[in-house]
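Any chance you could fold what I've pasted below:
(2 chains)
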There are 2 protein chains.
Amino acid sequence: MKTLYDMERSGNCYKVRLLLALLGEDYERVTVDLTREEPREASFLALNPRGEIPVLVEDDQAIWDSGAILVYLATQAVDRHWFPDAALARARVTQWLAVAANEVHHGLAAARAIRLFGRTGDLAQSQAVGRCALTLLDQQLARGPWLAGEAPSIADIACYPYVSIAEEGALSLAPYQNVARWCRNIESLPGYTPMMARQPSA
Amino acid sequence: MKTLYDMERSGNCYKVRLLLALLGEDYERVTVDLTREEPREASFLALNPRGEIPVLVEDDQAIWDSGAILVYLATQAVDRHWFPDAALARARVTQWLAVAANEVHHGLAAARAIRLFGRTGDLAQSQAVGRCALTLLDQQLARGPWLAGEAPSIADIACYPYVSIAEEGALSLAPYQNVARWCRNIESLPGYTPMMARQPSA
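Numbering: from 1, shown residues only, chains lettered A, B, ... in the order given. Presented below is the predicted three-dimensional model:
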């Protein structure tokens, strides 16, 4: 059984939860709240020396970094399209994992964290990087329904979470119609799960 | 034949040159000087929408992002240890690719660029991130000769360049003895090539 060290409103954790849902895999969730800026406990640093979530544990092995966890799960998966075996297809997926970890993270995720969680940072600069991310994605998604190749891959899963909540960083998707269509494509995949559990209606 | 769009003093380009040298692969080099902050030409943006080097072209396909290029070359390679096939081993390599693109890039590479090329940025903050990178690497390298597993991988190749020139960002390797030993391990690999071509002695 896999165990995910997780926080619901973390987009990086949601990448892993979304892929696990699409793969139909069962797992245990351990909630860890790292929004407070306080020193990490030694037991958690033993799992991840960076002191961040998500961390996935299987067979006493702790895997950290959301991109690395996606590669791990996709390499185990029967369906090869999540992280293809051919060199060029795999390189294309890896390019967009890099955009997820760079422009999407330092733009869209940072702008959201500044606005929602009061994280220190320059909101205007993060939003500018976020617009670079959305422009890169929109140009690529003008060419086809997925970021890399003819099928969904972990490239899509890595970029989607912080794109889908870009408005929480005051960035509208309206100018990026290919991105908006791609979000709907992902939301139509069998097994798709939203980031936040629905609250029971009052 | 592969073509590498390259600049000698770019550590990101050197990652690719180093792996190509270790794999014994021939390739053409096209020098592109992107140190000046001016708009990229459309012909170059057609190769890489991010407007960065390195870019590797093979069979009319342009691959950008140094990590993606390393994955591409390692996936083509006969020796599987550069980017292993097993899920856990591959995840371990991917973790350190992420550290190369994050802590090493935003720490060691950024501090060097501020000092050497006058890039805008906070030198003290970049050096602090650089020390985080070196601490993470040193802890891992206390456990074994390579960053991931029992053999060299693209994790080592991705982290080595900016670590080996950390002193250009005024960061000493002296407190990080495991890192210093690992640098010597890499420099002893058959086919190893230094970053800068040796100048003829006067």
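
use CA for all of it now, contacts and neighbours both
Will do.

From chain B, how far out is the nearest residue to A:Glu8 once chain neighbours are set aside?
With Cα to Cα, 6 or more residues apart in numbering or on different chains as the criterion, A:Glu8 has its nearest non-adjacent residue at 6.4 Å, and that residue is A:Met196. Counting by Cα to the nearest Cα, to the nearest Å, the gap from A:Met196 to chain B is 26 Å.

same thing with A:Leu147?
14 Å.

Tally up the residues packed near that residue, please.
27 (other Cα atoms under 10 Å in any protein chain shown).

cool, and A:Gly191?
14.

what is the orientation angle of the helix or strand harbouring A:Ala91 with helix B:87-99?
If you go by DSSP states H and E, A:Ala91 is part of helix A:87-99. With axes from the mean of the first three to the mean of the last three Cα atoms, to 10 degrees applied, the angle from helix A:87-99 to helix B:87-99 works out at 50 degrees.

Identify the residues contacting the helix or strand just after helix A:87-99?
Under the assignment DSSP H and E, the closest C-terminal helix or strand after helix A:87-99 is helix A:110-117. When contacts are defined by Cα atoms under 8 Å, 6 or more residues apart in numbering or on different chains, helix A:110-117 is touched by residues A:35, A:119-123, A:126-127, A:130, A:166-170.

Next: stretch A:70-87.
By Cα under 8 Å, 6+ apart, stretch A:70-87 touches A:15-16, A:19-20, A:23, A:90, A:93, A:151-154, A:158, B:71-73, B:75-76, B:85-88, B:90-91, B:94.

Could you turn the buried ones of those into a PyMOL selection?
To isolate the buried ones among the contacts of stretch A:70-87 in PyMOL, judged by 16 or more other Cα atoms under 10 Å in any protein chain shown, type:
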select buried, (chain A and resi 15+16+19+20+23+90+93+152+153+154+158) or (chain B and resi 71+72+73+75+76+87+88+90+91+94)
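
Give me every residue in chain A lying close to chain B.
Counting by Cα under 8 Å from any Cα of the partner chain, chain A comes close to chain B at A:49-50, A:63-65, A:67-69, A:71-73, A:75-76, A:85-88, A:90-92, A:94-95, A:98, A:102, A:136.

Now do the domain split for chain A, please.
For chain A, the structural domains run A:2-79, A:81-187, going by automatic domain parsing.

what's the first-to-last distance across the last one?
So that's domain A:81-187. Start and end residues of domain A:81-187 are separated by 18 Å (Cα to Cα, to the nearest Å).

And that domain, how far out from the chain middle?
Relative to its parent chain, domain A:81-187 has a centroid offset of 9 Å by Cα atoms, centre = their mean, to the nearest Å.

avg pLDDT for it?
Per-residue pLDDT over domain A:81-187 has a mean of 97.

Just name whatever secondary elements the lengthiest helix in chain A is in contact with.
Ranked by number of residues, the top helix in chain A under DSSP state H is helix A:123-141. In this structure, helix A:123-141 packs against helix A:110-117, helix A:177-187, with contacts taken as 3 or more Cα pairs under 8 Å, 6 or more residues apart in numbering or on different chains; DSSP states H and E.

just to revisit the earlier point, need the contacts of helix A:110-117 in CSV (columns: distance to B:Leu4 and neighbour count).
Below are the contacts of helix A:110-117 laid out as CSV (distance: Cα to Cα, whole Å; neighbours: other Cα atoms under 10 Å in any protein chain shown):
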residue, distance to B:Leu4, neighbour count
A:Thr35, 42, 13
A:Arg119, 40, 16
A:Thr120, 39, 10
A:Gly121, 36, 13
A:Asp122, 35, 11
A:Leu123, 36, 19
A:Ser126, 31, 23
A:Gln127, 32, 22
A:Gly130, 29, 27
A:Ala166, 35, 23
A:Glu167, 39, 14
A:Glu168, 40, 18
A:Gly169, 37, 23
A:Ala170, 39, 14
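
With distance to A:Leu4 as extra columns, can I get the residues you listed in a markdown table?
Formatted as a markdown table, the contacts of helix A:110-117 follow (distance: Cα to Cα, whole Å):
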| residue | distance to A:Leu4 |
| --- | --- |
| A:Thr35 | 17 |
| A:Arg119 | 24 |
| A:Thr120 | 27 |
| A:Gly121 | 29 |
| A:Asp122 | 31 |
| A:Leu123 | 31 |
| A:Ser126 | 29 |
| A:Gln127 | 30 |
| A:Gly130 | 28 |
| A:Ala166 | 25 |
| A:Glu167 | 27 |
| A:Glu168 | 25 |
| A:Gly169 | 26 |
| A:Ala170 | 30 |
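
Now distance to B:Glu8 too, for the domains of chain A, in JSON lines please.
As requested, those are exported to JSON lines (distance: least, Cα to Cα, whole Å):
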{"stretch": "domain A:2-79", "distance to B:Glu8": "29"}
{"stretch": "domain A:81-187", "distance to B:Glu8": "22"}
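
The helix or strand following the longest helix of chain A - contacts with which helices or strands?
As assigned by DSSP H and E, the chain's next helix or strand after helix A:123-141 is helix A:154-164. When contacts are defined as 3+ Cα pairs under 8 Å, 6+ apart, helix A:154-164 sits against helix A:11-23, helix A:66-76, helix A:87-99, helix A:177-187.

All good on my end, thank you.
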